[in-house]
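*Asks:* sequence isn't available, so here's the structure alone:
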């Protein structure tokens with residue numbers, strides 16, 4: 001995910017890096033892990049993984065960390081952000097298309113040039129995970145325009161956009177409109193409405209400097225927020241609505257609580273530089289893990305039983321392979337803009 005954090009070498013926040021590592025691994029397990037049915041002992045674990053809070057939390061993190069770009073109207077940083085999200089969006093589909101059609105790998109049938117065009121236009125064809133990038137690009141552009149045109153009233157406008165988004169979700173307008181669309185458009189467009197509140201949440205949390213307020217009552221806040229998060233994981237106080245996996249205000253509340261827990265954890269200096277380096281590498285490679293895990297899964301599932309059966313260890317193998325490829329990619333392209341394919 002392209003929400004890269006700039007680390008202070010003297011004060012590395014290991015816990016914030018752990019958040020990125022954990023979320024990226026959850027993305028892998030969501031697609032590559034199958035839990036046994038009717039196993040009560042897995043119930044809470046299934047809820048923690050299958051409640052889809054990992055991608056929305058990435059949205060919140062992305063706009064939380066990029067708030068300064070919008071608030072300071074820093075066009076240089078804005079340009080760099082668009083490079084980070086546009087380069088992988090256009091380059092990865094072309095790489096997968098070339099590999100498939102010239103080496104007969106990854107999928108059973110070849111990917112047509114028409115499929116490549118659909119992928120580049122919608123972010124959702126043979127590399128379906130790029131719907132995230134598709135919505136990220138549009139929402140980033142939307143918030144930037146609102147900030148430039150309505151600077152003083154930008155938060156007010158964004159809050160109302162979030163409310164409008166939930167109106168479309170709870171009235172089933174969003175689902176009824178986009179569920180009729182083709183597979184290529186249904187999820188990128190349907191999830192755009194569902195993703196908008198998460199992005200707005202991240203932007204607003206940074207704008208009001210939420211970390212400053214809650215750190216003054218750190219211990220009490222950690223206890224209360226953790227309790228509230230577990231409550232919303234297990235409770236059914238909100239009505240269920242139809243959508244595209246990221247619908248409803250309950251999910252946004254859960255993601256806010258989950259993200260805030262990591263904001264409360266104090267930064268710490270890591271005495272062991274090797275451990276610090278390992279955590280930095282793993283957390284910096286989360287974008288590569290996100291883009292690569294489905295192609296790697298498709299490539300390996302025929303020949304590896306653990307992966308074909310969607311086991312935990314199979315998911316872990318896929319995660320490790322993606323990390324290894326990302327590490328190589330960053331080593332090769334670290335001085336060029338192609339590093340954004342992995343970092």
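*Replies:* Now that the structure is in, tell me what you want to look at. Predicted model only: the values in this text are computed from it and were never measured. Numbers count the residues shown, from 1 in each chain.

*Asks:* can you tell me the SS state at residue 335?
*Replies:* coil (DSSP: H, G, I helix; E, B strand; the rest coil).

*Asks:* longest helix anywhere in the chain?
*Replies:* Counting by DSSP state H, the longest helix found in the chain is helix 75-103.

*Asks:* rounded mean pLDDT for it, please.
*Replies:* The average pLDDT for helix 75-103 rounds to 88.

*Asks:* report the angle between the helix or strand following it and helix 75-103.
*Replies:* Remark: after helix 75-103, the chain's next helix or strand is helix 113-122, criterion DSSP states H and E. Interaxial angle, helix 113-122 versus helix 75-103 (axes from the mean of the first three to the mean of the last three Cα atoms, to 10 degrees): 160 degrees.

*Asks:* list the buried residues of helix 113-122.
*Replies:* By 16 or more other Cβ atoms under 10 Å, the buried positions in helix 113-122 come out as 115, 116, 118, 119, 120, 122. Every residue, glycine included, has its C-beta placed from N, CA and C.

*Asks:* list the helices and strands the helix or strand containing residue 63 packs on?
*Replies:* Taking DSSP H and E as the criterion, residue 63 maps to helix 54-65. Packing partners of helix 54-65 (3 or more Cβ pairs under 8 Å, 6 or more residues apart in numbering; DSSP states H and E): helix 14-32, helix 131-149, helix 183-207, helix 249-264.

*Asks:* now that helix against helix 75-103, angle please.
*Replies:* Comparing the axes of helix 54-65 and helix 75-103 via the same axes, to 10 degrees yields an angle of 150 degrees.

*Asks:* what's the average pLDDT for helix 54-65?
*Replies:* Per-region confidence: helix 54-65 scores 91 on mean pLDDT.

*Asks:* name the residues that touch that helix?
*Replies:* For helix 54-65, contacts defined as Cβ atoms under 8 Å, 6 or more residues apart in numbering pick out 1-5, 19-20, 23-24, 26-27, 30, 132, 136, 139-140, 143, 195, 198-203, 205-206, 246, 251-252, 255-256, 258-259.

*Asks:* now the angle from whatever helix or strand residue 156 lives in to helix 249-264?
*Replies:* In this assignment (DSSP H and E), residue 156 forms part of helix 154-170. Counting by the same axes, to 10 degrees, helix 154-170 lies at 140 degrees to helix 249-264.

*Asks:* in the very next helix or strand once past helix 154-170, which residues are buried?
*Replies:* Using DSSP H and E, the helix or strand that follows helix 154-170 towards the C-terminus is helix 173-178. If you call a residue buried by 16+ other Cβ under 10 Å, then helix 173-178 has these buried ones: 174, 175, 178.

*Asks:* cheers, nothing more for now.
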